Every structure is written in C-alpha cells, then in structure tokens.
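>>> Have a look at this prediction, sequence included:
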Amino acid sequence: MVDAARRNFLRGRPRPKAELRPPWAGVEAAFIDRCTACRDCQPACPQGIIVRGDGGYPAIDFWRGECTFCAACVAVCPPQALLRRENEPPWPYQARIGPACLPAQGVECRVCGDYCATRAIRFQPRIGGSPLPEIDASRCTGCGGCVAPCPSAAIRIT
C-alpha cells in the first residue's frame, strides 16, 4: 500500500489532496491498494471526466462534464479497483452549494437547476430576493452535471 501521507510530505504538501475517485471505487485505502494507475479507465470514459490525479491514480474532474454512471470505467479495470456491487450506489457524493451562489447575492440565476437531470435542485421563493436553490439529498446522485454550468463556481461535489 502507498503511504499517501509520506508521499505528500516528500512533495512538500502537508496534507493529502482530497480527490474524487471514479464511481464504484469504494474506500480510498482499498482503491489505492488495488489500482495500478494503468489509466485504462481514462479513454474508456465517454464523458471524458476521468483524469490523472495525484500519484497517477484516476480522479474525476466535473469541470469537463458529468458522470452518467455508464460503468465503462468498471468494465476496463483489470485489477478490479473499480468494482460494481449489487444494490450499492456508485458513490456517496452529493452536490453542495456554497456562499458564492448568485441568488444568495441577490442575482437571479437558475442554471444549476436547468442542468440537473434528476431535478434534485429546486428553487424556493423568498420575500425580497431571488429564489434560493435547495438540494434534495434523496434525489441527488452526485453526477456533477450542475458543477461546470454554474457561473460563480459555487457548487462542489463532496
């Protein structure tokens, strides 16, 4: 197993960078243990959102697009670091809206809601201001479809 803390210390980074792994990666330690950093999952991703992350391991970049959970990355993973399990979601991530959100600043914007395929982002009216977005946790899949279109970069998948 790779000691991420030691590797980051030697690179001058006191804390490891938190990266989102591809769907069905599971627990980070087990993923790093199995992944050979072969990068077969990168060209297999039809959305092109899998990039080379820290240490050469695959990571997700939602600025390139959203995850459709097609499982193409799982199909080409020889060491089975990405392993699809029955009745288990692809990952525990969900969208979070930060304080840079334009409606919180009094500007009308509903772009994230327009790009949300599952309609997990709704806008609640409020007196004296633009409707504020709210994320329905039961509907949000963490696909990242709302990240890139956000004009103020207020949305993160965590």
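Everything's here; your move.
>>> end to end, how far does stretch 123-132 reach?
5 Å (CA to CA, to the nearest Å).
>>> Go through that stretch and flag the buried ones.
Under the neighbour-count criterion of 16 or more other CB atoms under 10 Å, stretch 123-132 has 123, 130 buried. All C-beta atoms are positioned from the backbone trio N, CA, C, and that covers glycine.
>>> same thing with stretch 98-115?
101, 102, 103, 104, 109, 111, 112, 113, 115.
>>> Next, the distance between the ends of it.
Start-to-end, stretch 98-115 (CA to CA) is 17 Å.
>>> and for it, what are the contacting residues?
66, 95, 97, 119, 121-123, 129-133, 145-146, 149-156 (CB atoms under 8 Å, 6 or more residues apart in numbering).
>>> what about 7 Å?
121-123, 129-133, 145-146, 149-156 (CB atoms under 7 Å, 6 or more residues apart in numbering).
>>> avg pLDDT for it?
Per-residue pLDDT over stretch 98-115 has a mean of 95.
>>> Could you do stretch 132-144 as well?
96.
>>> Could you list the residues in contact with that stretch?
Residues contacting stretch 132-144 (CB under 7 Å, 6+ apart): 62, 66-67, 91, 93-95, 97, 101, 103-104, 112-113, 117-124, 126, 157.
>>> Between its first and last residues, what's the separation in that stretch?
Per CA to CA, the first residue of stretch 132-144 is 19 Å away from its last.
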